[in-house]
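Student: turn this into a structure:
(one chain, ligands or ions: 1)
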Amino acid sequence: MIKVDTRHLSRFVGGDELKQISHLTKAAHKSLLDGDGAGNDFLGWKDLPVNYDKDEFARIKKAADKIKSDSQVLFVIGIGGSYLGARAVIEALKSTLYNNLKKSTPEIYFVGNGIDADYLNEVISLADGKDFSVNIISKSGTTTEPAVAFRVFRELAEKKYGAYAKSRIYATTDKKRGTLKELADSEGWETFVVPDDIGGRFSVLTAVGLLPIAAAGVDIEQLIKGAADERNDLLETDPLKNNVLIYAALRNIFFNKGFKNELLVTYKNSFVQFGEWYKQLFGESEGKDGKGIFPVTATFSTDLHSLGQFIQDGAPIIFETVLKFDAPLNDYYLKKLPPEQDGDGLNFLSEQNLSVVTEKAFLGTIIAHTDGGTPNIVISAPKPDAYTLGALIYFFEKACAVSGYLLGVNPFDQPGVESYKKNMFALLGKKGYEDIRQKLEAQIN
Ligand code: PA5
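Tutor: As a prediction, the model looks like this:
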């Protein structure tokens, strides 16, 4: 369903280049399919769309229905892979203005994804006078940012609902271990599982993403179906026929030609958060061992008026990947005005849908940017509904895994993130981190 269009690449990639590395792409794909590559204990996402826990899926839908019926607000607490996917899907399918639009589903606020006192206070104020529920999501159960926010929102819930608070707190965490799991079991909160073999950034189609997504009124069956159908499409083993392998190979080719930054472009405001999800997925997966393509994002045409100059004319360090949809969810028809009202001279654009204007902007931009020396890969997808979004999620997850293997890294670990967490614990004086603290303090003083 998701297609890679290489038509605009002829001046950057020679006719044979994809073929020349196809043995490497094939080997990377085989490793992934056979499960014998680096990080192979984190491949649970691969078959998840066809092999998920149906009982838990039913519980997710039930919990989401309860939240929809008893809460005006849902606070989703998590950081990194424990919130980016849900936020991306909700905004992509329900609008970036979701919380402001008229709807029958709760407002959803993400908190615990940073350490900003002002933001925390602002979100706390949104609970005022409203019925709310809380979904705390943390695989480890110990990450500082969500843990701090959860302490606050748990207290708010307990103050407001007393003993009934426990029926409004949902914990998504490890199946058996960790502080959060222990707390949830002792307090009687409903729990959902972050599977052992799925890392945070690959977890959007588990309960991590599905509970908030379902609470926003998204059809999660369609989301999973899109991912399952895409998974099938991407089992093709010919590297020149499988769209995900073509994309992964092109990324590798551009990296080796010195284009060390990938700019993921969409023409959709609602995909800004999808871009944040993509940045984590590729950044955490590839950026290690001194290697990696730096993932950045832009929303066109907005950012053509800020970054456009650099992309067109600046240092040749960027290749663009344009994610293009066949149609918007709802088009907008531009009317023709009588000649006497055409003072703004815009009648030349009228009597057509706004998506036609978008299409011309897309074509004009690709020609300008490729003329300027910036390669453009185009990924095309049908209209951005739940089914397509499921497919896109799977496409990018698989692209990331194959790209990581092509690059020669383990795409499933994140030693860099762990270092910062450890240092922060030590500097804050957490028990067990005394030795590291001493070393760090010697470094900073
Ligand atoms: O992808 C990752 O592993 C990280 O971004 C984690 O998702 C993030 O650090 C949150 O971790 P946890 O879910 O354990 O709180």
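
Student: test my guess that L48 contacts A207.
Tutor: No: with contact defined as CB atoms under 8 Å, L48 does not reach A207; the gap is 11.3 Å. Quick note: C-beta positions are derived from backbone N, CA and C, even for glycine.

Student: pLDDT wise, what is the most centrally placed residue in the chain at?
Tutor: By CA atoms, centre = their mean, the chain has its centre lying nearest to W277, at 2.3 Å. Among the per-residue scores, W277 holds a pLDDT of 98.

Student: OK, contacts around it?
Tutor: Going by CB atoms under 8 Å, 6 or more residues apart in numbering, W277 touches 84-85, 87-88, 201, 204.

Student: quick check: which element contains the nearest residue to it once chain neighbours are set aside?
Tutor: Residue nearest to W277 in three dimensions, not counting chain neighbours: A88, with 3.9 Å by CB to CB, 6 or more residues apart in numbering. In the assignment (DSSP states H and E), A88 maps to helix 84-94.

Student: ditto for T25
Tutor: Assigned by DSSP H and E, T25 falls in helix 22-34.

Student: need the residues that contact that helix.
Tutor: So helix 22-34 is contacted by 37, 43, 46, 235, 237, 239-240, 242, 245, 248-249, 252, 398, 401-402, 405-406 (CB under 8 Å, 6+ apart).

Student: how about a cut-off of 7 Å?
Tutor: 37, 237, 239-240, 245, 248-249, 401-402, 405-406 (CB atoms under 7 Å, 6 or more residues apart in numbering).

Student: same check, this time on stretch 106-116
Tutor: With CB under 7 Å, 6+ apart, stretch 106-116 has contacts from 67-68, 71-79, 83, 87, 90, 98-99, 120, 123, 126, 145-146, 148-150, 212, 215-216.

Student: and that stretch, end to end?
Tutor: 24 Å (CA to CA, to the nearest Å).

Student: same question, stretch 371-391
Tutor: First-to-last residue span, stretch 371-391, CA to CA: 32 Å.

Student: the ligand contacts on the stretch 201-350 of the chain?
Tutor: By the rule CB under 6 Å from any ligand atom, the part of the stretch 201-350 of the chain lying against the ligand is 201, 284.

Student: could you point out the longest helix in the chain?
Tutor: helix 386-407 (DSSP state H).

Student: go through the helix or strand just after that helix and flag the buried ones.
Tutor: Note on helix 386-407: by DSSP H and E, the next helix or strand toward the C-terminus is helix 415-428. Buried positions in helix 415-428, judged by neighbour count with 16 or more other CB atoms under 10 Å: 417, 423-426.

Student: and for stretch 143-151?
Tutor: Under 16+ other CB under 10 Å, the buried positions of stretch 143-151 are 143, 145-147, 149-150.

Student: do stretch 47-56 as well
Tutor: Per 16+ other CB under 10 Å, stretch 47-56 contains these buried residues: 48-49, 52, 56.

Student: mind checking which of the residues you listed are in strands?
Tutor: Counting by DSSP state E, no part of the buried residues of stretch 47-56 is found in strands.

Student: identify the farthest-apart pair in the residues you listed.
Tutor: Pairwise distances among the buried residues of stretch 47-56 were taken by CB to CB; the largest, 14.3 Å, belongs to P49 and E56.

Student: now the angle from the helix or strand following the helix holding A88 to helix 84-94?
Tutor: Scanning forward in sequence from helix 84-94 by DSSP H and E, the next helix or strand is strand 107-111. Counting by axes from the mean of the first three to the mean of the last three CA atoms, to 10 degrees, strand 107-111 lies at 150 degrees to helix 84-94.

Student: mind checking how far strand 107-111 is from the chain centre?
Tutor: 16 Å (CA atoms, centre = their mean, to the nearest Å).

Student: need the contact list for the residue of the stretch 151-300 of the chain found nearest the ligand.
Tutor: Nearest residue of the stretch 151-300 of the chain to the ligand (CB to the nearest ligand atom) works out as G200 at 2.3 Å. Shown in contact with G200 (CB under 7 Å, 6+ apart): 80-82, 139.

Student: which one among the residues you listed sits at the bottom for pLDDT?
Tutor: K139 (90).

Student: look up how far S10 lies from that residue.
Tutor: 44 Å (CB to CB, to the nearest Å).

Student: then Y52?
Tutor: In terms of CB to CB, Y52 sits 42 Å off from S10.

Student: likewise F271?
Tutor: For F271 relative to S10 (CB to CB), the value is 27 Å.

Student: more crowded one of the two?
Tutor: Between F271 and S10, counted using other CB atoms under 10 Å, the more crowded position is F271 (25 against 10).

Student: give me the secondary structure label for the more buried one.
Tutor: With DSSP: H, G, I helix; E, B strand; the rest coil as the basis, F271 sits in helix.

Student: begin at 33 from now on, thanks
Tutor: Done: numbering now begins at 33, and the last item shifts to F303.

Student: ok, it - contacts?
Tutor: A124.

Student: contacts for the lowest-mean-pLDDT helix or strand in the chain, please.
Tutor: Ranked by mean pLDDT, DSSP states H and E, the weakest helix or strand in the chain is helix 447-460, scoring a mean of 85. Residues from elsewhere that reach helix 447-460 (CB under 7 Å, 6+ apart): 175-176, 316, 320, 465, 468-469, 472.
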